[in-house]
Each structure stands twice: as C-alpha cells, then as structure tokens.
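Participant: Next input, structure requested:
(one chain, ligands or ions: 2)
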Amino acid sequence: MERIVVIGANHAGTAAINTILDNYKDKEVTIFDSNNNISFLGCGMALWIGNQITSPDGLFYCSKEIFEQKGAKVYLETIVYHVDFEKKVVFATGKDGQSYQQPYDKLIIASGSLPISPNIEGTDLANVQFVKLYQNAKEVIEKLHQSMIRNVVVVGAGYIGVELAEAFNRIGKKVTLIDNMSTCLSGYYDREFTDIMSKNLESHGIKLAYEETVTSLKGNGKVEKVVTDKNEYAADMVVLGIGFKPNSQLGKDNLKLFKNGAYLVDRHQQTSIPDVYAIGDCATVFDNSIQATNYIALATNAVRSGIVAAHNACGTPLESIGVQGSNGICIWNLKMVSTGISLEKAKKLGYDAAAADYEDTQKPAFIQHDNYKVKIRIVYDKKTRIVLGAQMCSEYDISMAIHMFSLAIQEQVTIDRLKLTDIFFLPHFNKPYNYFTMAALQAE
Ligand SMILES: Cc1cc2nc3c(=O)[nH]c(=O)nc-3n(C[C@H](O)[C@H](O)[C@H](O)COP(=O)(O)OP(=O)(O)OC[C@H]3O[C@@H](n4cnc5c(N)ncnc54)[C@H](O)[C@@H]3O)c2cc1C
Ligand SMILES: NC(=O)C1=CN([C@@H]2O[C@H](COP(=O)(O)OP(=O)(O)OC[C@H]3O[C@@H](n4cnc5c(N)ncnc54)[C@H](O)[C@@H]3O)[C@@H](O)[C@H]2O)C=CC1
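Facilitator: Residues are numbered from 1 along each chain as shown. Ligands and ions are numbered 1, 2, ... in the order given. Predicted structure coming up:
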C-alpha cells in the first residue's frame, strides 16, 4: 500500500487528507500535527472576541476522530522535527515523549505560517498577544475576562488588525490601531477605499495611528505602553498583527524556496524534490493577476492547494488554475472586497495601469429599502487592456460580485470585454445600467 505522510492538518492539510481518504481508499495515510486541534477557522476569532458568536465550537469543521474513522493514523501534539528527503523518512516526537520514524512514498507538507514578530524590545511582556491559533484567541478572551484591560493597542492595520480593532471596540475597550503605512488595508485596496474604512473605524471611536513605527513595548512584567517613533500609547494589552511568514523550517535546507522563504511549488504543488508536495501558507501560489509566482496566505488558497496536491500525490494529474488573492472584510456594516492587485500596487510593479471607477446605488431609486451606495474600481493594464484587479465597497452585501472579477483575471479578460458582459436586471437586485458595466465603460 502506498504510504502518504501529511505534516500539518489545519486548512491545507485537512483539505488534502479528506481528498485522499474520500477518493483513494488504497492509500495508507499518516498525519502529524503539533497542535491539539485541527481545522480552526481563524476568521472566527474576531467574532468570538467581539461577542458576535457565543462559542468557538462551530469554528472547527474537522477532527482527529473524523480522519480516524476514514482510516488514517493521526498523531496530534506531535511535532515533526526532521525529514530525511533522501531516505524518505519523517521524524517526529509526541508531547508524551514518544518518537516516530515514519517512511513515506509521498510527502505533503502543510506546515502553514507563523505570525511575524517585530524585532523590538518588550514583545516578551505579559499581555502582548499574537492571534493565530485557537489557543491564542482563548487566552486573549480569558485575559479580557480576568483582569482590568481597558486600553488595547493593535499593531498592524491589515486584515487581522482591522477585524480585531472592531472586536475590542465592540466589547467596550479603548482601541488604538497602529500601522507603519499611511492607511489601513494597504495590501488590498487603494486609498479611495481605505479612507472609507478609516472613517468607519474612527466614527466608532478607534484611534488611528498611521505612519508610525513601533520602536518598543514598555512595562513591568505586564505591558503598559507602546512607544512609536512619534508617540506613546497606554496599553493593557497589545495585539501584534503585522503579517505572516511561511513556516518552512523543515525543508529550508533541501527544498527550493521563494524570496520570502516559502516552498517554491509548481502547478501540481510539487516542490523541487519529486514526491514532496507543499500546500497552503508554507508554499507559493501562481498569481494570475501578475502572471507570476507569489505568496498569498489565505485559507481559500490553502484548501484549493490541498485538493490539487492530494490528487497529484495519488496519481491523478491535476494542475492548479492559479489564484487572484480574492479577499473580503466586513467591519460593522461596511463590506469591502477585492481581487487581484490595486492600482497603487500595479504601478509599483511597473504596469502602465489605470483605474475605471464608478459609484451608484445598488438598485433603482424607486426601490427605497436596502438600497445602498456601491463604489467600484476596476484596475487594468492600459497596453494589454487585461483586468488586473477590482475593488468594491458598500453597506449592501456585494461580496459575491467580486468573484466575476476574480474569474476575469484568471481568464485574462480585457476591460473592453467586460463592457458588454451580459448582466441580468431585476429592480429587487440591481439596475439596468449595472455599475459593473458603467465602471468598465469609464475605461480610457
Ligand atoms: C485571525 C485570523 C483570521 C483569518 N481570516 C481569514 C479569512 O477570513 N479568510 C481567509 O481566507 N484566510 C483567513 N486567515 C488566514 C488563514 O487562517 C490561513 O491562510 C490558513 O490558516 C492557512 O492554512 P494552512 O493549513 O496552510 O496553515 P496553518 O493554519 O498555519 O496550519 C499549519 C498546521 O501545521 C502544523 N505544523 C506546523 N509545523 C509542524 C511540524 N513541524 N510538525 C507537525 N505539525 C506542524 C500546525 O500545528 C498547524 O496545525 C486568517 C488567519 C487568522 C490568524
Ligand atoms: N478577511 C480575511 O480574508 C482575512 C485574512 N487574513 C490573512 O491572514 C494573513 C495575516 O494577516 P495580517 O497579519 O493582518 O497581515 P496583513 O498583510 O493583512 O497586514 C499586515 C499589516 O501590518 C502592517 N505592518 C507590517 N509591519 C509593520 C510594523 N513593523 N509596524 C506596524 N505595522 C506593520 C502592514 O502595513 C499591514 O497593514 C494575511 O495573509 C491575511 O490576508 C487574516 C485575517 C482576515
């Protein structure tokens, strides 16, 4: 029986494992994960901290028992500390001291990512929190319940930072949100959009401290103050959300790496060594918006890459179709979604890019309920006319609309083709001159 070993059983690993166990009954699957739980949806963390859900129970969608019922051998709280890529053996140690030497025919590495820790004084003080694992969220919540935490400083105004700033504000904390860039969510949207999010955050009482670099965290055992190059902020808790780095410790000396240290994989998720696959946050993706290899840490990418690797490892050739980094966020009622690259990013990358913008209400004026303003931007390459990105925001749930642009980027559609794309009309939903069409028609 062919032996497949999977290292890491969170989103990427779980997708790969389920694909193998559900479709290929003739494989012997062995799973190692250093954590005591699997498939925790980090996206639920802010909802849990902000009391928008009452319990974390629904934030898990798989378990050791499910894998075991399907026939896998599962070792949780067991860390893989070495892989012999020549002899094809995985070495692991359990929390109970048990050692394992597991040979494999095919290896799938799904070791994920680690939160980036800033290289500053004070990160070891109590109440300085990372927010990645279920245990991290639990610890934050326990601390919020137990002690007098009034001032929370969130460092990093990316997706984690903005979501958590809302969550802490919802439970009555005084929140300061710091980023070294001049706006929030700068990796995903242009300023015209991020300004709307900043206004939203400020209108709920969150203090924004952009273009400030944290130089140290001060305190006496517990954190008390965040010092930046411009200011000081009182802090009973500090949350660090300044991005992820790939966790490629196990293969860094043997497998080819991307510039940020992620395992470099091909369209089959295969690494530079045959029979070794890497998936999810520890691996690269093919980014259709820039037509190049990239690193985009998202659960959606993790799941798809897991499915691709599983089929290839089991002998069914399957190529990844690439990704666009499609993403979304909802802060109070403000929904923002984007795919591909922003205009600013496109210009930085050297594209002769332009934006086609439009603003309208979702539905005709005679519809007086649930009829919100929508803002849309389509970014395109002026030379090739190909769509490079799209951004939308509204209080209306426009989230599903971004998928059309995701597909457009995947298929390298030009902005001119979008001008005449068939878009249905019904006043309950939209307008006959739909804002997609109208935005595309603005293209130079
Ligand atoms: C707060 C938060 C909110 C998020 N919200 C969203 C969202 O809304 N949408 C979205 O798409 N993405 C979101 N993400 C990102 C998403 O969670 C990650 O992209 C996703 O977890 C990647 O999955 P993964 O399985 O590749 O890696 P990971 O989740 O990092 O899992 C890696 C696994 O490998 C195990 N492991 C690592 N090394 C070893 C070893 N040596 N031995 C044994 N086991 C090992 C770890 O224990 C872990 O279980 C969010 C992340 C956070 C933190
Ligand atoms: N809604 C969603 O889809 C969510 C997705 N995620 C994903 O999880 C991953 C990690 O999320 P984040 O940590 O929020 O990363 P991120 O990349 O979204 O944001 C990091 C932020 O930190 C800032 N930053 C970097 N270094 C800094 C420093 N030294 N001081 C101050 N600010 C600094 C950056 O300017 C950026 O705004 C991302 O890939 C993200 O897309 C996370 C939460 C929700």
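Participant: quick one, phi psi at the residue nearest to the spatial centre of the chain?
Facilitator: By C-alpha atoms, centre = their mean, the mean C-alpha position of the chain lies nearest to residue 298, the distance being 3.0 Å. Reported as degrees, to the nearest 10, the phi and psi values for residue 298 are phi -140, psi 140.
Participant: do residue 404 as well
Facilitator: Dihedral angles for residue 404 - degrees, to the nearest 10 - are phi -60, psi -40.
Participant: correct me, but it touches residue 435?
Facilitator: No - the criterion here is C-beta atoms under 8 Å, and residue 404 misses it with residue 435 at 12.0 Å. In this view, the C-beta of every residue, glycine as well, is placed from N, C-alpha and C.
Participant: where does the chain come near ligand 1, residue by residue?
Facilitator: 7-13, 32-35, 42-43, 45, 79-80, 110-113, 131-132, 160, 247, 250, 280-281, 297-300, 302 (C-beta under 6 Å from any ligand atom).
Participant: Locate the residue of this protein with the greatest distance from its centre.
Facilitator: Computed with C-alpha atoms, centre = their mean, the residue of the chain farthest from its C-alpha average is residue 366, at 38.9 Å.
Participant: if I've got this straight, it is in a strand?
Facilitator: No - counting by DSSP: H, G, I helix; E, B strand; the rest coil, residue 366 falls outside a strand, being coil.
Participant: Burial check on the residue in the chain positioned nearest to ligand 2, number of neighbours?
Facilitator: Of all residues in the chain, residue 158 sits closest to ligand 2, at 1.6 Å by C-beta to the nearest ligand atom. The tally of other residues near residue 158 (other C-beta atoms under 10 Å) stands at 19.
Participant: next one: phi and psi at it?
Facilitator: Per degrees, to the nearest 10, the backbone of residue 158 is at phi -90, psi -150.
Participant: ok so, going back, have a look at residue 404 and residue 435 and say which one is more surrounded.
Facilitator: Using other C-beta under 10 Å, the more surrounded residue of residue 404 and residue 435 is residue 435, with 23 against 15.
Participant: Tell me the confidence at that one?
Facilitator: As predicted, residue 435 sits at a pLDDT of 94.
Participant: Residue 147 too?
Facilitator: Residue 147 carries a pLDDT value of 69.
Participant: Can you name the residues that contact residue 210?
Facilitator: Contacts for residue 210 (C-beta atoms under 8 Å, 6 or more residues apart in numbering) come out as 157, 178, 179, 181, 182, 183, 184, 198.
Participant: So it versus ligand 1, what's the distance?
Facilitator: 21 Å (C-beta to the nearest ligand atom, to the nearest Å).
Participant: Need phi/psi at that residue.
Facilitator: As for residue 210, its main-chain torsions (degrees, to the nearest 10) stand at phi -90, psi 160.
Participant: Give me the distance between it and residue 327.
Facilitator: Counting by C-beta to C-beta, to the nearest Å, the separation of residue 210 from residue 327 is 20 Å.
Participant: Then residue 149?
Facilitator: Residue 149 is 30 Å from residue 327, by C-beta to C-beta.
Participant: now residue 62
Facilitator: 23 Å.
Participant: quick one on the thing from earlier: among the contacts of residue 210, which are located in helices?
Facilitator: residue 198 (DSSP state H).
Participant: Whichever of the contacts of residue 210 end up buried, select them in ChimeraX.
Facilitator: Buried residues among these (16 or more other C-beta atoms under 10 Å), as a ChimeraX selection:
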select :157,178,179,183,184,198
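Participant: Need the contacts of residue 210 in TSV (columns: distance to residue 349 and pLDDT).
Facilitator: Shown next, in TSV, are the contacts of residue 210 (distance: C-beta to C-beta, whole Å; pLDDT from 0 to 100):
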residue	distance to residue 349	pLDDT
157	22	98
178	27	98
179	21	98
181	17	98
182	19	98
183	19	98
184	21	98
198	24	98
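Participant: all strands for the stretch 51-200 of the chain, in order.
Facilitator: 73-75, 78-84, 89-94, 99-103, 106-109, 113-115, 128-130, 151-155, 174-179 (DSSP state E, counting those that start in this stretch).
Participant: So which of these is nearest residue 292?
Facilitator: Nearest to residue 292 among the strands of the stretch 51-200 of the chain is strand 113-115 (20.2 Å), distances taken as C-beta to C-beta.
Participant: how about the nearest residue to residue 390, chain neighbours excluded?
Facilitator: residue 405 (3.6 Å; C-beta to C-beta, 6 or more residues apart in numbering).
Participant: Ramachandran angles for that neighbour?
Facilitator: phi -70, psi -30.
Participant: From ligand 1, how far out is it?
Facilitator: 17 Å.
Participant: Wait, that residue touches residue 325, no?
Facilitator: No - look at residue 405 against residue 325 with C-beta under 8 Å: they stay out of range, at 11.7 Å.
Participant: what touches both of these two?
Facilitator: With C-beta under 8 Å, 6+ apart as the test, residue 405 and residue 325 both reach 339, 340.
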